[in-house]
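Peer 1: Just a sequence and a predicted model for now, questions to come.
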Amino acid sequence: MLNTRLELTRKAAAELIAIEKNLDAALIAQARLQAIAVEGRRAAKLPLHTGQAGLEQLATANMNLIAARKAVHEAHLVFRQVQQDMGLGTISFGDYGDTPTEFAPSGQVGGQPAHALAIVDAA
């Protein structure tokens, strides 16, 4: 039974980590595409509105990717608890250094809706 649990947890961890890496890669690629579109328009001396609809769609895609990333982060935390419940809490399954220990921010700061981006004090 322990070997079955170990194998199941290894397989689940491998898939979860792959999803996390792929979401990060998608966010990076999306940011690069946005930069290419803006820089390309400027280099070609095209009007400011050129590609605006595409940039707006990229912004929507970016928000959806970030929402997916948050959901996967929260799933990771839930699966971490399942791992604990199965008696496998002391075993590492290949996380690459950022296993969540708490749920992702809720979008609230002091009971108020948070902005998409905010400057925070590092102290």
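Peer 2: Thanks, I have it. Quantities reported herein were computed from a predicted structural model and do not represent experimental measurements.
Peer 1: Flag every buried residue along stretch 68-78.
Peer 2: Going by neighbour count (16 or more other CB atoms under 10 Å), the buried part of stretch 68-78 is 69, 70, 72, 73, 76. (Each C-beta comes from the backbone N, C-alpha and C, glycine too.)
Peer 1: Equivalent analysis for stretch 29-38, please.
Peer 2: Within stretch 29-38, the residues that count as buried by 16+ other CB under 10 Å are 34, 37.
Peer 1: Rounded mean pLDDT for it, please.
Peer 2: For stretch 29-38, the mean per-residue pLDDT is 97.
Peer 1: out of the buried residues of stretch 68-78, who's nearest residue 3?
Peer 2: Checking these against residue 3 by CB to CB gives residue 76 as the nearest, at 23.4 Å.
Peer 1: The closest one sits in which helix or strand?
Peer 2: helix 52-85 (DSSP states H and E).
Peer 1: Against which helices or strands is that helix packed?
Peer 2: Counting contacts by 3 or more CB pairs under 8 Å, 6 or more residues apart in numbering; DSSP states H and E, helix 52-85 is packed against helix 2-43.
Peer 1: where does the helix it packs on sit relative to the chain's centre, distance-wise?
Peer 2: 8 Å (CA atoms, centre = their mean, to the nearest Å).
Peer 1: same check, this time on stretch 36-45
Peer 2: Distance, centroid of stretch 36-45 to centroid of chain: 28 Å (CA atoms, centre = their mean).
Peer 1: what's in contact with it?
Peer 2: 48, 50, 51, 54, 55, 58 (CB atoms under 8 Å, 6 or more residues apart in numbering).
Peer 1: so which helix or strand takes in residue 47?
Peer 2: Using DSSP H and E, no helix or strand contains residue 47.
Peer 1: Show the backbone phi and psi for it.
Peer 2: As for residue 47, its main-chain torsions (degrees, to the nearest 10) stand at phi -60, psi 150.
Peer 1: Can you tell me how far it is from residue 30?
Peer 2: 24 Å (CB to CB, to the nearest Å).
Peer 1: Retrieve the pLDDT associated with the residue minimising distance to the centre of the chain.
Peer 2: Centroid-nearest residue in the chain: residue 69, 2.8 Å away (criterion: CA atoms, centre = their mean). What the model reports as pLDDT for residue 69 is 94.
Peer 1: Thanks a lot, see you next time.
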